[in-house]
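**Student:** Okay, sequence plus prediction incoming.
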Amino acid sequence: MPFLLATLLSIYVYAQSNNQASESITKVDFGSAQITVKDVTLSVEYAHNFQQRARGLMYRRDMCENCGMLFEFDYARTAGFWMKNTLIPLDIAYIDSDGVIADIKPMYPLVLKSVPSSREVLYALEMNQGWFNKQGINVGDRMQIISRALAE
């Protein structure tokens, strides 16, 4: 409970101190992708370049139930994500170049400690915390990319 209380207090303080600052944050446009994870088809935001991957889901106050972001790296590698400036509790699925989910890990708002993949991956999929569990999606399940549209 102390961790939850500290996290909520951090989010409140962060939001209050950044109300004006967030209005001046540089806009980053994302592409879109249609994917299937196990037997669930989703339309998600698509981060395919450095600027998009660096911004990710920062500064957002909420996200719809079946919304998320697919990150594609330039090459397969051990990846790590942190939650700097991210206010939404998320789960991250690290996915290898064959589309197999290598890890599903929770991430907590504003935590600066990196959450690493356990092996080399080509993709990461961030969804609301608990989404993978609610869908019955587990490590070893597959993701397939149906289509991608790059940001203009």
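**Tutor:** Yep, it's here.
**Student:** For the residue nearest the centre of the chain, list each beta-bridge partner.
**Tutor:** The centroid of the chain falls nearest to residue 126 when counting by CA atoms, centre = their mean (2.6 Å). Under the criterion DSSP bridges, residue 126 forms beta bridges with residue 69, residue 92.
**Student:** and it, what does it touch?
**Tutor:** 56, 57, 68, 69, 71, 81, 90, 91, 92, 107 (CB atoms under 8 Å, 6 or more residues apart in numbering). C-betas here are computed from N, CA, C, even on glycine.
**Student:** To what extent is the residue nearest to residue 130 when sequence neighbours are not counted buried, counted in neighbours?
**Tutor:** Nearest residue to residue 130 in three dimensions, chain neighbours excluded: residue 91, at 6.9 Å (CB to CB, 6 or more residues apart in numbering). Residues near residue 91, counting by other CB atoms under 10 Å, number 20.
**Student:** Now do the end-to-end distance for stretch 57-75.
**Tutor:** This stretch, stretch 57-75, spans 21 Å end to end (CA to CA, to the nearest Å).
**Student:** contacts for that stretch?
**Tutor:** Counting by CB under 8 Å, 6+ apart, 15, 22, 25, 30, 33, 35, 42, 44-48, 53, 56, 79, 84-88, 90, 121-128, 131, 145 sit against stretch 57-75.
**Student:** In three-state terms, how would residue 132 be classified?
**Tutor:** helix (DSSP: H, G, I helix; E, B strand; the rest coil).
**Student:** can you tell me how far residue 114 sits from residue 90?
**Tutor:** As for residue 114, its distance to residue 90 is 14 Å (criterion: CB to CB, to the nearest Å).
**Student:** In terms of neighbours, single out the busier of the two.
**Tutor:** Neighbour count, other CB under 10 Å: between residue 114 and residue 90, residue 90 has more, with 25 against 11.
**Student:** can you pull the contacts of the more buried one?
**Tutor:** Neighbouring residues of residue 90 by CB under 8 Å, 6+ apart: 57, 83, 106, 107, 126, 127, 128, 129.
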